[in-house]
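Participant: build the 3D model from these lines:
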Amino acid sequence: MGAAADDPRRIAAGLTALAEWSAGLAWADIPDAIRRRAAVVLADDLAAIVAARGEPELMALHDGMARSSGTPEATVFNARGQRLDRYSAATANGSAADWCELDEGYRRVICHAGLYCVPALLAEAEATGASAEDMLRALAIGYETAGRVARAFTWSTLTLHPHGSLAAVGAAATVAALRRLPPETVAAAIGSAATMVVPGPFNHTVQGALVRNVWPGVGAWAGLRAVDWAEIGITGRPESLHDVYGAAFAGDCHPGELTDELGGSWALADGYHKLHACCQYAHSAVEAMLAALPKVPGGAAGIRGIHIDTHWRGRKLDNARPATTLASKFSMQHILASTAVHGHAGAEAFHASTLDDPKVAALREAVSIGAFEPEPAWPNDRPARVVVETADGSRVTEECLSARGGPDRPFAPEEIRAKIVGIVEAPYPRMAPALMRLLDLDPAMLAAPWDRSVREMTA
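Facilitator: Residues are numbered from 1 along each chain as shown. Have a look, this model is predicted:
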């Protein structure tokens with residue numbers, strides 16, 4: 001058989017090997033640097049969940065979930081004291097985690113692996129009393145699995161959004177690891193989860209369809225259920241991963257990615273973090289804009305026009321009149337205009353009030369988008385060049401080849417800690433100190449049952 005014809009078998013064999021590796025992985029087998037990365041991802045994504053607590057549509061979603069929830073067993077991190085059954089809590093927190101665009105991502109492919117693991121992990125760990133150490137081990141496994149599946153199937157265009165197509169797989173791998181299931185059940189759960197994904201269109205982000213924000217929540221629910229059902233024999237096929245991503249979604253197949261350098265090269269090492277509350281494809285544009293702004297006489301008021309040359313993914317963010325806060329975070333015009341007006345690209349730059357702000361709206365119309373050519377190789381494959389035309393007719397040009405936050409230009413640890421503390425300390429005064437202990441891998445914190453830690457953090 002040719003390589004393409006053999007892909008389903010090779011994918012099934014790769015998933016089996018990946019499941020055997022994960023089922024046999026002990027905490028002691030995980031390098032210290034990866035343990036610490038897992039702690040950062042858990043704390044950072046938990047903060048991203050908390051950050052969305054005041055979004056009106058999300059509050060309504062949480063209240064709706066509460067009306068249909070079963071016995072309370074896990075916390076919804078919205079500072080309103082809600083506790084739901086683990087499936088409802090995972091859905092609620094998963095829908096919050098990407099709302100503000102502050103969650104962590106995986107740099108090598110289009111994937112937010114932490115987002116696909118953490119909501120289900122938080123709910124399952126609190127419901128079962130698992131320790132923080134058990135959680136970090138499961139997160140390292142789930143992140144590795146989600147990252148490898150994302151690399152095993154790729155697309156040349158931005159058609160599928162990974163929040164829909166990968167979240168259930170990450171959730172299933174993480175929960176199976178937390179439950180310490182045998183490898184055959186792990187593989188079955190992951191394969192089943194792949195058949196329960198959402199084929200979310202990428203253009204829903206640019207057009208601002210808020211249903212996109214709930215895809216990770218739906219994936220968290222589906223991943224949990226896939227594990228439940230695999231334990232009682234309700235599963236897909238060994239080839240289910242290929243049936244979905246290779247056959248149904250027509251992805252290019254790379255079976256070796258499931259096992260190459262397994263245990264030697266860790267997906268967690270290739271994650272990135274965000275301080276700018278918008279699509280990562282525009283972060284280099286934000287940094288170039290922030291570098292140009294001090295050189296513009298009069299600041300934003302002195303700007304007559306903005307031209308951005310950027311990579312092909314960044315050029316997809318073309319929407320001069322975003323209708324929702326989600327659309328604003330995926331609008332290159334709004335991102336540049338609001339960054340200029342506010343002097344930053346934090347959450348306030350994408351508040352609902354900015355959609356109709358006359359200063360921002362006027363600048364949005366003054367933005368033009370072109371191609372950055374030739375596009376550099378990875379990790380500089382998401383570059384931006386901003387040219388600001390000033391009121392006096394002069395031009396200011398700034399360039400950023402790779403935004404900060406990824407493995408090539410990481411934030412200092414204190415910068416991520418400051419972000420986390422800045423988000424959680426007001427709604428949850430006791431959460432920040434606890435998360436700092438988690439980031440330090442404090443032995444007492446790691447050994448404590450997570451449900452007890454949550455009660456202390458949210459008291």
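Participant: drop to CA atoms for contacts and neighbour counts, all remaining ones
Facilitator: Noted.
Participant: chain neighbours aside, what residue packs nearest to residue 458?
Facilitator: Excluding the flanking residues, the one nearest residue 458 by Cα to Cα, 6 or more residues apart in numbering is residue 428, at 5.8 Å.
Participant: correction: residue 19
Facilitator: In space, and not counting its chain neighbours, residue 19 is closest to residue 183: 5.0 Å by Cα to Cα, 6+ apart.
Participant: who touches that neighbour in this structure?
Facilitator: Residue 183 makes contact with 16, 19-20, 22-23 under the criterion Cα atoms under 8 Å, 6 or more residues apart in numbering.
Participant: quick one: which of those sit in helices?
Facilitator: 16, 19-20, 22-23 (DSSP state H).
Participant: would you turn those residues into TSV with neighbour count and pLDDT?
Facilitator: Formatted as TSV, the ones in helices among the contacts of residue 183 follow (neighbours: other Cα atoms under 10 Å; pLDDT from 0 to 100):
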residue	neighbour count	pLDDT
16	21	98
19	26	98
20	16	98
22	29	97
23	23	97
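Participant: now these in CSV, with distance to residue 217?
Facilitator: Shown next, in CSV, are the ones in helices among the contacts of residue 183 (distance: Cα to Cα, whole Å):
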residue, distance to residue 217
16, 27
19, 24
20, 27
22, 24
23, 25
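Participant: show me the contacts for residue 199.
Facilitator: 160-161, 164-165.
Participant: of those residues, which belong to strands?
Facilitator: Secondary structure from DSSP state E places none of the contacts of residue 199 in strands.
Participant: need the buried ones from those residues selected in ChimeraX.
Facilitator: Of the contacts of residue 199, the buried ones go into a single ChimeraX selection, burial set by 16 or more other Cα atoms under 10 Å:
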select :160,161,164,165
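Participant: tell me the one of the contacts of residue 199 nearest residue 353?
Facilitator: residue 161 (26.9 Å; Cα to Cα).
Participant: for the closest one, which non-adjacent residue is spatially closest?
Facilitator: What sits nearest to residue 161 in space, not counting adjacent residues and going by Cα to Cα, 6+ apart, is residue 202, at 4.5 Å.
Participant: kindly provide the distance from that neighbour to residue 147.
Facilitator: 19 Å (Cα to Cα, to the nearest Å).
Participant: before we move on, what about residue 250?
Facilitator: In this view, residue 250 and residue 147 are 19 Å apart by Cα to Cα.
Participant: between these two, which one's more packed in?
Facilitator: Using other Cα atoms under 10 Å as the criterion, residue 250 and residue 147 rank with residue 147 on top: 29 against 14.
Participant: the helices in the stretch 1-150 of the chain, which residues?
Facilitator: Here the stretch 1-150 of the chain has its helices, by DSSP state H, counting those that start in this stretch, at 3-23, 32-51, 56-68, 86-97, 113-128, 132-152.
Participant: need the residue closest to the centroid of this protein.
Facilitator: For the chain, residue 112 is the residue whose C-alpha lies nearest the centre (Cα atoms, centre = their mean; 3.4 Å).
Participant: contacting residues for the closest residue in space to that one that isn't next to it in sequence?
Facilitator: Leaving aside its sequence neighbours, residue 112 sits nearest to residue 105 (Cα to Cα, 6+ apart; 4.0 Å). When contacts are counted by Cα under 8 Å, 6+ apart, residue 105 is found next to 111-115, 271-273.
Participant: ok, now residue 297?
Facilitator: For residue 297, the contact set (Cα under 8 Å, 6+ apart) comprises residue 390.
Participant: where does it fall, phi/psi-wise?
Facilitator: Backbone torsions for residue 297, taken as degrees, to the nearest 10, come to phi -60, psi 120.
Participant: for it, report the pLDDT, please.
Facilitator: Residue-level confidence at residue 297 comes out at 94, pLDDT.
Participant: could you do residue 66 as well?
Facilitator: pLDDT, residue 66: 97.
Participant: apart from its neighbours in sequence, what residue is nearest it?
Facilitator: Per Cα to Cα, 6+ apart, closest to residue 66 is residue 84, 6.4 Å.
Participant: what sits against the one you found?
Facilitator: 65-66, 69-76.
Participant: now it: how far from residue 91?
Facilitator: 10 Å.
Participant: same check, this time on residue 438
Facilitator: 24 Å.
Participant: ok, residue 224 next?
Facilitator: According to Cα to Cα, residue 224 and residue 91 sit 10 Å apart.
Participant: return every residue with contacts to both of the two.
Facilitator: Listed as contacting both residue 224 and residue 91 by Cα under 8 Å, 6+ apart are residue 120.
Participant: would you mark the buried spots in stretch 124-133?
Facilitator: 124-128, 130-133.
Participant: can you name the two of those residues that are farthest apart?
Facilitator: Counting by Cα to Cα, the most remote pair of those is 127 and 133, 15.6 Å apart.
Participant: beta-bridge partners for the residue nearest to residue 66, please?
Facilitator: On the basis of DSSP bridges, residue 84 is bridged to residue 74.
Participant: from residue 369, how far out is it?
Facilitator: Distance from residue 84 to residue 369, by Cα to Cα: 45 Å.
Participant: mind giving me the domain ranges of the chain?
Facilitator: Domain assignment for the chain by automatic domain parsing gives 3-272, 280-400.
Participant: and of the ones you listed, who's closest to residue 432?
Facilitator: Taking Cα to Cα, domain 3-272 is the member of those nearest to residue 432, at 9.3 Å.
Participant: pull out the buried positions in stretch 359-374.
Facilitator: Across stretch 359-374, burial judged by 16+ other Cα under 10 Å covers 360-361, 363-369, 371-372.
Participant: what do you get for stretch 401-413?
Facilitator: 401-407, 411.
Participant: first residue to last residue on that stretch, what's the distance there?
Facilitator: OK, stretch 401-413 end separation, Cα to Cα: 22 Å.
Participant: tell me the residue furthest from the middle of the chain?
Facilitator: Within the chain, residue 392 marks the point farthest from the mean C-alpha position, 41.7 Å out by Cα atoms, centre = their mean.
Participant: how many residues are close by residue 81?
Facilitator: Neighbours of residue 81 (other Cα under 10 Å): 10.
Participant: next: residue 4.
Facilitator: Residue 4 has 12 nearby residues by other Cα under 10 Å.
Participant: which pLDDT value does the model give the nearest residue to residue 122 once chain neighbours are set aside?
Facilitator: Distances taken as Cα to Cα, 6+ apart place residue 90 nearest to residue 122, at 7.4 Å, with adjacent residues excluded. Per-residue confidence at residue 90 stands at 98 (pLDDT).
Participant: was I right about residue 90 contacting residue 126?
Facilitator: No: with contacts counted by Cα atoms under 8 Å, residue 90 stays clear of residue 126, the gap being 10.8 Å.
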